[in-house]
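S.K.: Generate a structure from the sequence data that follows.
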Amino acid sequence: MRPPKAMKVLLWVLFVESLVVAGVVWLLATGPMWIPALVTSLLMGLAGSMLACRGVITVDDVALRLAVRPVFRKTIPRADVVSVEPTTVDPWKDFSGWGYRTRGKKLVGFLFHSGPAVRLTVRSGRTYVITVPDVDRLVEVLRQPTNVGGA
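M.R.: Numbering: from 1, shown residues only. This is a model prediction of the structure:
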């Protein structure tokens, strides 16, 4: 899943601003050249990695895996899933933004758009709200029994 168009535009604006800041640092540099080189590397690395981020969800008999590539991965064992239900989410209103978001210790969002989502509760009491293109399919898959442990 890719970030929403508005977020993508914002990321491009941040990238261009990073280029401008790096250019100003190079123009005003009077000391050792490793300082502007370091600033440029950090700015471009951060802005570039933000532009490259993608949300990926995979499910198998063992686990549900959430990833914001290339920076984050979370594995939720299927055996720990207590309930799965469809829901609706507004990332800005409910979690203050897109991506992997936490609200306290018990609520986590994996959000890339507003609208239909899956609410997943695990044994520890933590609840995950996950947006996916096909909510009904993810609910169906997660409600199916697994074949782990020879069952």
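S.K.: For Thr30, identify the helix or strand it belongs to.
M.R.: Using DSSP states H and E, Thr30 maps to neither a helix nor a strand.
S.K.: What's the separation between it and Ser41?
M.R.: Going from Thr30 to Ser41 by CB to CB, to the nearest Å gives 19 Å. Backbone N, C-alpha and C define where each C-beta goes, glycine included.
S.K.: Please apply the same query to Glu17.
M.R.: As for Glu17, its distance to Ser41 is 16 Å (criterion: CB to CB).
S.K.: chain center to the one helix or strand Val139 maps to, what's the gap?
M.R.: Taking DSSP H and E as the definition, one finds Val139 inside helix 135-143. Distance of helix 135-143 from the chain centroid (CA atoms, centre = their mean, to the nearest Å) equals 20 Å.
S.K.: Quick check, central residue of the chain?
M.R.: By CA atoms, centre = their mean, the mean C-alpha position of the chain lies nearest to Gly99, the distance being 3.3 Å.
S.K.: Tell me if I'm right that it and Val68 touch.
M.R.: Yes: contact criterion CB atoms under 8 Å: Gly99 and Val68 qualify, at 5.9 Å.
S.K.: got a pLDDT number for the residue of the chain most remote from its centre?
M.R.: Ranked by distance from the centre of the chain (CA atoms, centre = their mean), the top residue is Thr30, with 39.7 Å. At Thr30, the model reports a pLDDT of 82.
S.K.: and if you look at Ala79?
M.R.: With respect to pLDDT, Ala79 has a value of 92.
S.K.: Phi and psi next, for it.
M.R.: For Ala79, the backbone dihedrals (degrees, to the nearest 10) come out as phi -60, psi -20.
S.K.: is it true that it touches Thr146?
M.R.: Yes: under the criterion of CB under 8 Å, Ala79 makes contact with Thr146 at 7.3 Å.
S.K.: Gly125: how many residues sit nearby?
M.R.: 9 (other CB atoms under 10 Å).
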